[in-house]
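Peer 1: Fold the following for me, if possible:
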Amino acid sequence: MNTISSNGYYLGIAVTSHTNYGVGTLHVSNIQLTRTCSSETITQMQCDQASNCESGKNTGTCYNKGEVPSWETMEPVSSVFDVGSTVTSFGCGSDKGNRAVDGTTTKVFCNRTGLLEEPTGLLITPT
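Peer 2: Next up is the predicted model:
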């Protein structure tokens, strides 16, 4: 059989009958693909096709079957800080650190104009 260069799998089936009076039958079943699930090059589709792997719901990371961490099945959250947490930014021209806990995906912008020599960061105090 010739090698077929591809990024996927091909299956070719030919059914013939050597008589005009008989019926040719064919039984086809699935195959079991075994992969190294944690490989850096494995795609999510390849992970899902393999019999020994399953992908994480949140990250799409490929795990060995039965080894998906529980956090992969949890719903994503909008903030890891609780309501009422205070945020103070330093080394920025404007204090917009509260965006780190407001439950949106708005980025925290830090205007460093004239403050490049000062350290910068966020001081977060949970409730």
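
Peer 1: how many other residues sit next to residue 89?
Peer 2: Using other Cβ atoms under 10 Å, residue 89 is surrounded by 21 other residues. All C-beta spots, glycine's among them, are computed from the backbone N, C-alpha and C.

Peer 1: these two touch, right, it and residue 121?
Peer 2: Yes. Assessed by Cβ atoms under 8 Å, residue 89 is found in contact with residue 121 at 7.3 Å.

Peer 1: List the residues that contact residue 35.
Peer 2: By Cβ atoms under 8 Å, 6 or more residues apart in numbering, the contact set of residue 35 is 42, 46, 47, 50, 52, 53, 62.

Peer 1: Then residue 71?
Peer 2: Residue 71 is in contact with residue 58, counting by Cβ under 8 Å, 6+ apart.

Peer 1: now do residue 64
Peer 2: By Cβ under 8 Å, 6+ apart, the contact set of residue 64 is 37, 38, 52, 53.

Peer 1: what packs against the lowest-mean-pLDDT helix or strand in the chain?
Peer 2: Here the helix or strand of the chain ranked lowest by mean pLDDT, DSSP states H and E is strand 86-90, holding a mean of 78. Strand 86-90 sits against strand 121-125, with contacts defined as 3 or more Cβ pairs under 8 Å, 6 or more residues apart in numbering; DSSP states H and E.

Peer 1: Could you report the separation of the spatially closest residue to residue 34 that is not a sequence neighbour from residue 19?
Peer 2: Nearest non-adjacent residue to residue 34, counting by Cβ to Cβ, 6 or more residues apart in numbering: residue 52, 5.4 Å away. As judged by Cβ to Cβ, to the nearest Å, residue 52 and residue 19 stand 43 Å apart.
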